[in-house]
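In: sequence-free structure coming up:
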């Protein structure tokens, strides 16, 4: 499937470093197909050709020639995680230009050997709900024990909690190990480099609360499908990701009661029914249980949280001096 226009421009800029080291004209001239793919219209095609001509002129003036092996080493260090045994000979035989073209279409690259390796890390394919069920937090086990009426914790209970804590870290270790395995063994090297880049750009912290449970789905469903796609699509996917919304506290953000919202009449009615059900349930609770419920309700968020909105403008898109105002941050948070 052809790459979108914005991503091809991005990759063209990234590849320009390789072109500079290899004499410039060789790589830029060898990719008229990619440049023409950017322009479905005559105007875009003309601008792409202008970009290629200006790039060739600049490279010719400043670049130094590299040998074929140096060109191969350079492209493997820039668009991959370095050369593995046999990579230099394979890319030399294939040609630098053809290798780059193949990396730009990762779905066409046979990576079944990597799939066999990833089969040893089964938790990276599980959903957030499955991870919460199979690897509960030790604190959850304590609460469940109290709800059963077991107020005293014996030795067996302590051992079970320690084992649960170890298992709780298992799937995080598998996720990190799988990421390293892909960087080393995957044939889709450019995709892995860009996955690492975007995971760093849209970073989250594994140590915050239950954030770890969202990480496998975050990489699998939010980042990886968009590594070589449109930035707007990736940005939108991140904005809807539970991992990012939890990490930057957007789960705590609610509209104040005096401001209009986008909630439909059906949403309002559903919320009222839920509140009614809670009140009916509370009337059947003991005094201690009612006190706990009131404490939980007091901790509910009561206004906008600007953390994600600020990070979205300052780090993810416009930058510190991007020209936005505090009013813009509030509107984004809403």
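Out: Cool, got the structure. Note that this is a predicted model, so its numbers are computed, not measured.
In: switch to C-alpha atoms for all contacts and neighbour counts from now on
Out: Noted.
In: tell me the mean pLDDT for the strand or helix carrying residue 331?
Out: Take DSSP states H and E as the rule and residue 331 turns out to sit in helix 326-333. Per-residue pLDDT over helix 326-333 has a mean of 90.
In: helices or strands up against that helix?
Out: helix 307-311 (3 or more CA pairs under 8 Å, 6 or more residues apart in numbering; DSSP states H and E).
In: what sits against residue 167?
Out: Shown in contact with residue 167 (CA atoms under 8 Å, 6 or more residues apart in numbering): residue 135.
In: any idea of the pLDDT on it?
Out: Per-residue pLDDT puts residue 167 at 75.
In: ok, then the element right after the helix or strand hosting it?
Out: Taking DSSP H and E as the definition, residue 167 sits inside helix 155-185. Going down the chain from helix 155-185, the next helix or strand is helix 189-201, by DSSP H and E.
In: how close does the nearest residue to residue 111 once chain neighbours are set aside sit to residue 110?
Out: Distances taken as CA to CA, 6 or more residues apart in numbering place residue 187 nearest to residue 111, at 5.9 Å, with adjacent residues excluded. Computed as CA to CA, to the nearest Å, the residue 187 to residue 110 distance reads 7 Å.
In: give me the more crowded residue out of the two.
Out: Neighbours were counted for residue 187 and for residue 110 using other CA atoms under 10 Å; residue 187 has more, 19 against 12.
In: report the contact partners of the more buried one.
Out: Counting by CA under 8 Å, 6+ apart, residue 187 has contacts 109-111, 114.
In: looking at those residues, which are in helices?
Out: Using DSSP state H, the subset of those located in helices is residue 114.
In: in a markdown table: the contacts of residue 187, plus distance to residue 192.
Out: Output for the contacts of residue 187, formatted as a markdown table (distance: CA to CA, whole Å):
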| residue | distance to residue 192 |
| --- | --- |
| 109 | 13 |
| 110 | 14 |
| 111 | 12 |
| 114 | 12 |
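In: quick one: low-confidence parts of this protein?
Out: For the chain, applying pLDDT under 70 flags the ranges 1-64, 138-158, 160, 255-268, 271, 282, 288-290, 292-302.
In: I'd like to know how many residues surround the nearest residue to residue 68 once chain neighbours are set aside.
Out: Excluding its sequence neighbours, the residue lying closest to residue 68 (CA to CA, 6+ apart) is residue 92, at 7.3 Å. Residue 92 has 16 neighbours, counted by other CA under 10 Å.
In: cool, residue 125 as well?
Out: Residue 125, neighbours per other CA under 10 Å, totals 15.
In: contacting residues around the closest residue to it other than its chain neighbours?
Out: Nearest residue to residue 125 in three dimensions, chain neighbours excluded: residue 216, at 7.1 Å (CA to CA, 6+ apart). Contacts for residue 216 (CA under 8 Å, 6+ apart) come out as 123-128, 175.
In: now render these as TSV, adding secondary structure and distance to residue 247.
Out: Formatted as TSV, the contacts of residue 216 follow (DSSP: H, G, I helix; E, B strand; the rest coil; distance: CA to CA, whole Å):
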residue	secondary structure	distance to residue 247
123	helix	21
124	helix	20
125	helix	21
126	coil	20
127	coil	18
128	helix	15
175	helix	18
